[in-house]
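A.B. asks: give the three-dimensional model of this entry:
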Amino acid sequence: MSSIRALIVDDEEPGRINLRFALHDHPDWQIVAECASVAAAREVLEQQAVDVIFLDIQMPRETGLALARSLSLTTATTPPLIIFVTAFNAHAIEAFELHALDYLLKPFDDQRLAQALERAAAMLKLRQQASYAQALGNYVKAEDEAKKATPAYWQQISVRSIGRIECIQLEDVLWIEAAGNYMQLHLEQSQNQGPSQNPSQNQIQRQVLHRVSLSQLEKHLDPARFMRVHRSAIVRCDQLIQLDVLGDGVYQLVLTNRDKVAVSERYVAEVRRRMHDGLRPA
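C.D. replies: Sure thing, here's the model as predicted:
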């Protein structure tokens, strides 16, 4: 792969200088320009191609989010990747992680920078800008919705794997479980293999790991469609078919795909109500 063309956008000169010197240790990366404002960055982008933008969030006049918003709306099939550079902000970091976007937290160390550069290089090598653009668009939309009085619930999420980002529709998620520092999405996909006496034979199941917590995602899920049944599990409401009592205060939910999910005693009444009421919205 040829040199990766990078643009640095930061209104603070020390921030630009620090990043410039840090990139000197990565000969495959070429800095094509440094900008102190979003307006200057737009001028550069109009004049030359850029692979990756190191974008500060908090800047006067226009924030980095304004540039990200305009890039998410571009019709280009290969928009530049963005590595957000920001001072500590719990909301911003949570948003980046939820949408599988990369970021550098000021002050960042060499190891964290190398990790971000490696991820960007892998995505460029596999030509994954299109899926990245979708993830960026989802992030910008969610940030805009968060400013409204009644933010919309998410319809899809972006999940990062090696060198790629996958946008997963929540309507394809059967249930979600906590897995250490990750959450595991249980999905079911149809296979067009013709008619079968057993419908489950025409289905394949897969699991996808996402490095965010269950509680982070739960805030963005429609409670009419998803419900918490255990501290480590969220299920899609239309998947409930049977609740078993295994012992004193021990419960287990059986889903339509025959997966079995533990249910905490605190959620049992709500599970029973949903099943009895035909899964009407809460």
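A.B. asks: pLDDT weak spots in the stretch 1-150 of the chain?
C.D. replies: 1, 75-77, 128-129 (pLDDT under 70).
A.B. asks: phi, psi of the residue of the chain positioned farthest from its centre?
C.D. replies: No residue in the chain sits farther from the centre than residue 248, which is 38.9 Å out by C-alpha atoms, centre = their mean. Residue 248 adopts backbone torsions of phi -70, psi 110, taken as degrees, to the nearest 10.
A.B. asks: residue 88 is in contact with residue 104, isn't it?
C.D. replies: No - Residue 88 lies out of contact with residue 104 (C-beta atoms under 8 Å); the separation is 11.6 Å. Where C-beta positions appear, they are placed from N, C-alpha and C, glycine not excepted.
A.B. asks: higher neighbour count, those two?
C.D. replies: Shown here are residue 88 and residue 104; by other C-beta atoms under 10 Å, residue 104 has more neighbours (21 against 8).
A.B. asks: from residue 72, how far out is that one?
C.D. replies: 20 Å (C-beta to C-beta, to the nearest Å).
A.B. asks: now residue 242
C.D. replies: Here the criterion is C-beta to C-beta. By it, residue 242 lies 43 Å from residue 72.
A.B. asks: the more surrounded of these two?
C.D. replies: Taking other C-beta under 10 Å, residue 242 and residue 72 do not tie; residue 72 has more neighbours (19 against 12).
A.B. asks: what is the burial count for the closest residue to the more buried one other than its chain neighbours?
C.D. replies: Distance criterion C-beta to C-beta, 6 or more residues apart in numbering; nearest residue to residue 72, sequence neighbours excluded, is residue 137 at 4.1 Å. When neighbours are counted by other C-beta under 10 Å, residue 137 registers 20.
A.B. asks: what residues does residue 17 make contact with?
C.D. replies: Applying C-beta atoms under 8 Å, 6 or more residues apart in numbering to residue 17 gives no contacts.
A.B. asks: could you list the domains of the chain?
C.D. replies: As assigned by automatic domain parsing, the chain contains the domains 4-146, 156-276.
A.B. asks: out of those, deepest packed?
C.D. replies: Of all these, domain 4-146 has the most neighbours on average by mean count of other C-beta atoms under 10 Å, namely a mean of 17.
A.B. asks: give me the distance between it and the centre of its chain.
C.D. replies: With C-alpha atoms, centre = their mean, to the nearest Å as the basis, domain 4-146 stands 16 Å off its chain's centre.
A.B. asks: next one: stretch 220-230
C.D. replies: Averaging C-alpha positions (C-alpha atoms, centre = their mean) puts stretch 220-230 18 Å from its chain's average.
A.B. asks: who touches it?
C.D. replies: Residues from elsewhere that reach stretch 220-230, judged by C-beta under 8 Å, 6+ apart: 98, 142, 153-154, 170, 176, 218, 234-238, 253, 261-264, 267, 270-271, 274, 281-282.
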